[in-house]
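Undergrad: sequence and computational prediction follow.
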Amino acid sequence: MNTAGPIFDVHVRLAPRPGAVADLLSMMDKTGIGRAAVAAGGVVDLDRLSAQITSGGGVRTDPDNETVLHACEGSGGRLLPFYFANPHRAPDAYRRVAHRYRGLELSPAVHGIGLDDDRTAAYVAVAADAGHPVYVVCLGRTGALADDLVTLARRFPMTTFLFGHCGHIGIDTYGLSRIAPQANIVAEASGCLTVTARVAVQRLGPHRVLFGSEYPLQHPGVELAKFAALDLTPDDWHQISWINAHRLFGEDVP
């Protein structure tokens, strides 16, 4: 299958270093990605993140949302900013600036606060008022399971939730089965195995699967190769790579 554009990458990060914006835009140009949704990166180093995913815990570090916002505002519409929440703090700051962002990210792996926590729900309530989609990566522990995401999604039925990476491991087909009946949860497929991406398309339908790369941790070309291996129809690929993202953000599809 040809995975040529147009492509909308719904999950990239902006590294906290000089030149990161130019590098991101250059990579997008090289891989045929026209637009991308951007969240702050570098909140926790990889070794610490890996340990927290495995053993629990979390940091209280604030993501650099302001740098993401400024980068996106200067991109001519190519980059859309997500607000990366720190649920250790009340959502007052997010509420004040929500109109300048396009979505919300919550990460139990980073901050150690579950999807069943009132502090998480407080942020989602602000996102619901702002019309923001909510990106979440689940974990293999109580409070951050796919079932916990389903419970949260039922509390906010008008909000769209992204099931990040198609689950907490590369082969979380069980998680896909749990979210499948909940129509306001869609799957973002960066980082999962090819078989998992295939199962996501089969169980959810191409209208509920979105392309993401997790750049700079993952090269977008790897994710494009994964979808190329699925041998999707051109219409299904266009749905996944372009149409669904515009619908997610309430935009007309160009």
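TA: Structure received.

Undergrad: burial count for Leu106?
TA: Neighbour count for Leu106, taken as other C-beta atoms under 10 Å: 29. In short, each C-beta sits where N, CA and C put it, glycine included.

Undergrad: no no, Gly250
TA: 11.

Undergrad: so it makes contact with Ala130?
TA: No - Gly250 is not in contact with Ala130 according to C-beta atoms under 8 Å; the separation is 11.2 Å.

Undergrad: can you map out the strands along the stretch 51-200 of the chain?
TA: Along the stretch 51-200 of the chain, the stretches classed as strands by DSSP state E, counting those that start in this stretch are 79-84, 103-106, 134-136, 161-163, 185-188.

Undergrad: residues making contact with the fourth one?
TA: It stands for strand 161-163. With contacts defined as C-beta atoms under 8 Å, 6 or more residues apart in numbering, strand 161-163 is touched by 10-11, 133-136, 138, 146, 149, 152-153, 175-176, 179, 184-188, 210, 248.

Undergrad: what pairs with that strand, parallel or antiparallel?
TA: Here strand 161-163 has these sheet partners by DSSP bridges: strand 134-136 (parallel), strand 185-188 (parallel).

Undergrad: off-centre distance for that strand?
TA: Computed by C-alpha atoms, centre = their mean, to the nearest Å, the chain-centroid distance of strand 161-163 equals 7 Å.

Undergrad: swap in the second one?
TA: Here strand 103-106 shows a centroid-to-chain-centroid distance of 8 Å under the convention C-alpha atoms, centre = their mean.

Undergrad: listing partners with orientation, what would you give for that strand?
TA: With DSSP bridges as the test, strand 103-106 pairs up with strand 79-84 (parallel), strand 134-136 (parallel).

Undergrad: most packed of the strands paired with strand 161-163?
TA: Among the strands paired with strand 161-163, the stretch with the highest mean neighbour count (mean count of other C-beta atoms under 10 Å) is strand 185-188, at a mean of 26.

Undergrad: which other residues reach that one?
TA: Strand 185-188 is contacted from outside by 10-11, 135, 149-150, 153, 160-166, 176, 179, 200, 204, 208-212, 244, 248, using C-beta under 8 Å, 6+ apart.
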